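Asks: For reference, the sequence and a predicted model appear below.
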Amino acid sequence: MTRSFLLNDSVCKTFTSKCKRILHPGPIFGMGIVIYLTLIGLWIHFSTLVDVWKSFTYISLFFYCSLSIFIFRSYALSAWYGPGFVELGWKPKDPKDQTSLQYCRICDGYKAPRSHHCKACGRCVLKMDHHCPWINTCVGSTLCTYRIYYVFTRFFSIFRDVHDHRMIFSFYEIILVVIGLGVGFGVVIAVGGLAYCQIRGILRNRTVIEDWIMTKAHHRREYDLDLKEMVFPYDLGWRTNLRQVEQLQQKAHKTKSSVLLIIKRSYSGSIMPVTFGCRTLFCPPCSGEGRVAVSTGDVVLVSRSNKYWYYGQVMPPPQNNDVQFPKVPIKGWFPRLCVSTTNDSSGEDKRKQN
């Protein structure tokens, strides 16, 4: 159970701010699909009642209405409540524990175990799985229950609507039913895949981000045989004595493997970089991070790349031979054609120290 002293239940603390989070294209579109499929199912049920008048149909209608209300409630609560944000400026009670925790400069506090900073929410999220645009917030510790309820009830409800009802439809009714079937099967595929991922994560007590951390850890050990095998500490079937400092080691390894590049060509951060050629324009990075504007002479610490793009952090100019890291790091993707490598190895070592 999440301890209350760690938790801010939501960034949206007022009724107005919570309404603003729900009145977002993602939640509106998602709840619109739920309402549309529910109305199509109700219409089919009522048409069956008029023609058949069977007692089983009344029972089926009752369960269908109850299930639809439960689905809409679970979806709305997922968007209404926050995922569980780490309190701003949080520090562990024991100062010795600070050496095993990451420090978040944006939230001005330490990251609690299993928490990660979400760029979209602007806060550190407890047991963060991923940021979901359909509810306009992250899936974290407090939203897991509502998320599972919605996934399973929506999955069951779609198959319940496919029951064979022999009726004669008009042309416009056929159009509505065909659209409903198409949307319904699309939801089955999407929610079915989500249900598999959620069940897999629950059985292993591991989030998507923690899967990524473990993948990076195993990849490191393929090249460094001196490192001990990393064991996931939150799986009850595995050893639990692994320290949280492992994530800090991976952060250091990521920084060590990053490369400093000097910007030779400016980029405005546009999503349509026409001046950089067709390949750069039509082969954008498939990632949730945004673009970053860079100017000639900027130094960027690049940690990832694809064939035509780099991802990195814009480094501020050093002051008194020390690198000053900004509170809010400027990160994003920019075209490869903007850069050339730097040969200043001494400056590179200084800039990599955090």
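Replies: Structure received.

Asks: Who are the packing partners of whatever helix or strand residue 71 lives in?
Replies: Residue 71 is part of helix 55-80, with elements assigned from DSSP states H and E. Helix 55-80 is packed against helix 15-22, helix 25-52, helix 144-161, with contacts defined by 3 or more C-beta pairs under 8 Å, 6 or more residues apart in numbering; DSSP states H and E. From N, CA and C alone the C-beta is placed, and that goes for glycine too.

Asks: For this structure, which segments count as helices?
Replies: The residue ranges that make up the helices of the chain, judged by DSSP state H, are 15-22, 25-52, 55-80, 144-161, 171-204, 208-223, 245-257, 278-282, 345-352.

Asks: Quick check: buried residues in the second one?
Replies: Of all the residues in helix 25-52, those buried under the rule 16 or more other C-beta atoms under 10 Å are 26-27, 30-31, 33-34, 37-38, 40-41, 44-45, 48.

Asks: From these, pick the one nearest residue 124.
Replies: Residue 124 has its nearest neighbour among the buried residues of helix 25-52 in residue 26, at 21.5 Å by C-beta to C-beta.

Asks: Can you give me the distance of that closest one to residue 208?
Replies: Using C-beta to C-beta, to the nearest Å, residue 26 is found at 18 Å from residue 208.

Asks: just to revisit the earlier point, confidence-wise, which of the buried residues of helix 25-52 comes last?
Replies: Across the buried residues of helix 25-52, the member with the lowest pLDDT is residue 48, scoring 62.

Asks: Any idea which helix or strand in the protein has the lowest mean pLDDT?
Replies: For the chain, counting by mean pLDDT, DSSP states H and E, helix 345-352 ranks last in confidence among helices and strands (a mean of 41).

Asks: on that earlier part again, nearest to residue 115 among the buried residues of helix 25-52?
Replies: Sorting the buried residues of helix 25-52 by how near they are to residue 115, with C-beta to C-beta, puts residue 26 at the top with 22.9 Å.

Asks: Wait, the closest one touches residue 137, no?
Replies: No - counting by C-beta atoms under 8 Å, residue 137 is not a contact partner of residue 26; they are 9.3 Å apart.

Asks: quick one: residue 215 and residue 87, what's the gap?
Replies: Distance of residue 215 to residue 87, given as C-beta to C-beta: 30 Å.

Asks: which one of the two has more residues nearby?
Replies: Shown here are residue 215 and residue 87; by other C-beta atoms under 10 Å, residue 87 has more neighbours (17 against 10).

Asks: so the more buried one touches residue 109, yeah?
Replies: Yes - Residue 87 sits in contact with residue 109 when judged by C-beta under 8 Å, with a separation of 7.1 Å.

Asks: between the helices of the chain, which has the poorest average model confidence?
Replies: Within these, the stretch with the lowest mean pLDDT is helix 345-352, showing a mean of 41.
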